[in-house]
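Visitor: coordinates for the following, if possible.
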Amino acid sequence: MKKIFNLYIKSTILIFLLLALSPVKVSAISPVSPKGINFTNLPWSEAVELAKSEKRLIFIDFYTDWCGPCLTMAEEVFVLPVVYSYYNNTFINLKIDAEKGEGIALAKRYGVNLFPTYLFIDPTIEEAVHKSSSRQSAEQFIYTGESALIPERRSFYLERYFDSKSGDANFLVDYINYHASIYKHSIVSDAFAKLYELRGSLADELVWKIFEQHITGINNPYLLELSDNYEFYSKKFGKLRVDAKLAKESSYGSISDLERLCEFEGKYTNRRIIEMNLAARSGDYTTLSKIVDELIEDPAIDREKFISSLRFTIRNRSSDLSKLPREWLKKSAGYYQYIAYNLKDRKDPYIHQEYAAILEQIIKLMPQAPEFFPESITNKPTHGKESYSMRPDVLKPKR
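Guide: Coordinates of the predicted model:
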């Protein structure tokens with residue numbers, strides 16, 4: 001029995017050693033524990049051959065080291081499991097600096113001059129079959145990848161056949177979704193007009209979906225149609241969705257534009273915010289302060305929307321503090337404090353940087369500042385960085 005047991009142990013050890021020493025084929029495109037899109041470091045010619053052997057398209061993220069949206073995509077979108085699992089299992093992925101090394105020639109070859117640009121290459125012919133760009137949400141970016149695999153949703157197909165297929169509602173939907181993903185608002189608007197003409201009403205499910213997602217602004221006839229037929233559309237699509245669309249699109253505009261619309265949830269908040277911004281644009285700081293103070297106390301206001309708008313307003317009124325009334329400086333510092341304390345998104349670091357920055361600027365304007373504060377605040381720091389900024393160190397200045 002002991003001999004059998006010893007033989008079993010020796011056999012187990014031998015098998016383990018053989019497995020450990022055996023060459024293991026590791027996929028060139030899927031890391032064991034991915035923490036983002038797995039961008040291969042292969043040179044172009046080898047990446048093409050790999051893509052051919054794997055029968056996959058090549059995805060290229062063309063970027064530069066000074067491109068803010070490129071860094072945002074890398075740090076906030078490419079690292080999401082839902083994104084990298086899709087791209088790692090679907091494409092051969094390349095990340096190429098368009099201003100360095102092999103990237104210079106490749107960017108020129110494929111006409112890349114906007115960053116980020118996303119290209120999908122057929123390795124058998126080394127031609128782009130789909131092109132996209134801009135900062136995108138995870139949902140948009142997955143849609144971009146999915147579109148590269150569907151010939152009828154590819155960018156070059158949509159552009160080539162627009163004139164002949166613009167009478168096809170489904171084609172128009174794909175065309176609009178693509179151009180919306182790269183923020184071509186005028187193209188989206190023109191294509192939506194064709195879709196609306198084909199279907200005849202916002203009541204059509206296909207038209208409503210595109211209108212709800214992609215048609216923006218207070219001065220368009222579709223928003224007026226929604227307002228004029230508020231009860232009908234509220235019953236069809238739900239009051240919450242109708243109110244949300246009306247509130248979103250009427251956030252910016254004039255009071256007269258707003259008053260043309262029906263009553264809806266959010267109209268009061270929009271009116272007060274428009275009044276606040278009118279006072280800011282006119283430089284009437286007394287009225288501006290009065291409105292802001294009222295809104296801080298107003299229980300009827302949409303608090304988060306007000307805080308977001310107030311932040312934008314005072315940021316635009318704080319670029320050169322030396323030219324602003326002293327009373328406004330005092331008020332705006334208090335408003336920054338209010339925002340920093342009450343902003344619901346506690347993961348947003350920028351408001352805290354903005355709050356600290358305005359306090360630092362006010363300190364520099366105080367005649368007695370050198371007596372009470374460090375010289376590095378009243379002048380410039382002698383060590384490390386000279387300015388207080390949320391700009392990442394890895395983001396280079398544009399050349």
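
Visitor: correct me, but Ser134 touches Lys184?
Guide: No - in this structure Ser134 lies outside contact range of Lys184 using Cβ atoms under 8 Å: 9.5 Å. Placement of C-beta: from N, CA and C, glycine included.

Visitor: show me the shaky parts of the stretch 201-350 of the chain.
Guide: 316-321 (pLDDT under 70).

Visitor: where does Leu359 land in three-state SS?
Guide: With DSSP: H, G, I helix; E, B strand; the rest coil as the basis, Leu359 sits in helix.

Visitor: can you give me the pLDDT of it?
Guide: Leu359 carries a pLDDT value of 88.

Visitor: what sits against the closest residue to it other than its chain neighbours?
Guide: Sequence neighbours aside, Ala333 is the residue nearest to Leu359 in space, at 6.2 Å (criterion: Cβ to Cβ, 6 or more residues apart in numbering). Contacts here follow Cβ atoms under 8 Å, 6 or more residues apart in numbering; on that basis Ala333 touches 358-359, 362.

Visitor: for those, which single residue is the most surrounded?
Guide: Ile358 (20 neighbours; other Cβ atoms under 10 Å).

Visitor: any idea how far that one lies from Pro374?
Guide: 18 Å (Cβ to Cβ, to the nearest Å).

Visitor: what of Pro349?
Guide: For Pro349 relative to Pro374 (Cβ to Cβ), the value is 23 Å.

Visitor: CA atoms of stretch 209-225 as CSV?
Guide: These are the backbone C-alpha positions of stretch 209-225, laid out as CSV (Å, rounded to 0.1, in the frame of the first residue of the first chain):
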residue,chain,number,x,y,z
LYS,A,209,-36.4,57.7,-29.6
ILE,A,210,-34.1,59.8,-31.8
PHE,A,211,-35.7,63.0,-30.8
GLU,A,212,-35.3,62.2,-27.1
GLN,A,213,-31.7,61.1,-27.5
HIS,A,214,-30.2,63.5,-30.1
ILE,A,215,-32.3,66.6,-30.9
THR,A,216,-31.3,69.5,-28.8
GLY,A,217,-32.1,73.2,-28.2
ILE,A,218,-35.2,75.2,-27.3
ASN,A,219,-35.7,76.8,-30.8
ASN,A,220,-36.8,73.8,-32.8
PRO,A,221,-40.3,73.0,-34.1
TYR,A,222,-40.3,69.5,-32.5
LEU,A,223,-40.0,70.9,-29.0
LEU,A,224,-42.9,73.2,-29.7
GLU,A,225,-44.9,70.2,-31.0
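
Visitor: name the residues of it that come out as buried.
Guide: Neighbour counts over stretch 209-225 (16 or more other Cβ atoms under 10 Å) mark 210-212, 214-216, 218, 220, 222-223, 225 as buried.

Visitor: what does that stretch contact?
Guide: Here stretch 209-225 has contacts from 173, 176-177, 180, 185, 188-189, 192, 195-196, 202, 241, 245-246, 248-250, 252-253, 257-258, 260-261, using Cβ under 8 Å, 6+ apart.

Visitor: is Ile121 located within a strand, as I assumed?
Guide: Yes - assessed with three-state DSSP, Ile121 lies in a strand.

Visitor: in contact with the nearest residue in space to it that is not next to it in sequence, which residues?
Guide: Sequence neighbours aside, Ile58 is the residue nearest to Ile121 in space, at 4.1 Å (criterion: Cβ to Cβ, 6+ apart). Taking Cβ under 8 Å, 6+ apart as the criterion, Ile58 is in contact with 47-48, 51, 91-94, 120-121, 123.

Visitor: so which of those residues wins on neighbours?
Guide: In terms of neighbours by other Cβ under 10 Å, these top out with Ile92 at 27 neighbours.

Visitor: if we can go back for a sec, list only those of the contacts of stretch 209-225 flagged as buried.
Guide: 173, 176-177, 180, 188-189, 192, 195-196, 202, 245-246, 248-250, 252-253, 258, 261.

Visitor: residues in contact with stretch 272-285?
Guide: 251-255, 258, 287-288, 291-292, 295, 298, 301, 305-306, 309-310, 313, 316-317, 324-325, 327-328, 331.

Visitor: just the buried positions in that stretch, please.
Guide: Buried residues in stretch 272-285 (16+ other Cβ under 10 Å): 272-277, 279-280, 285.

Visitor: just the CA coordinates of it, formatted as CSV?
Guide: Taking C-alpha atoms only, stretch 272-285 is exported to CSV below (Å, rounded to 0.1, in the frame of the first residue of the first chain):
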residue,chain,number,x,y,z
ARG,A,272,-34.7,81.4,-12.3
ILE,A,273,-31.4,80.1,-13.7
ILE,A,274,-31.9,82.0,-16.9
GLU,A,275,-32.5,85.2,-14.8
MET,A,276,-29.3,84.5,-12.9
ASN,A,277,-27.3,84.1,-16.1
LEU,A,278,-28.8,87.2,-17.6
ALA,A,279,-27.6,89.2,-14.6
ALA,A,280,-24.2,87.6,-14.9
ARG,A,281,-23.8,88.4,-18.6
SER,A,282,-24.8,92.1,-18.0
GLY,A,283,-22.3,92.5,-15.2
ASP,A,284,-25.0,93.4,-12.7
TYR,A,285,-23.4,91.9,-9.7
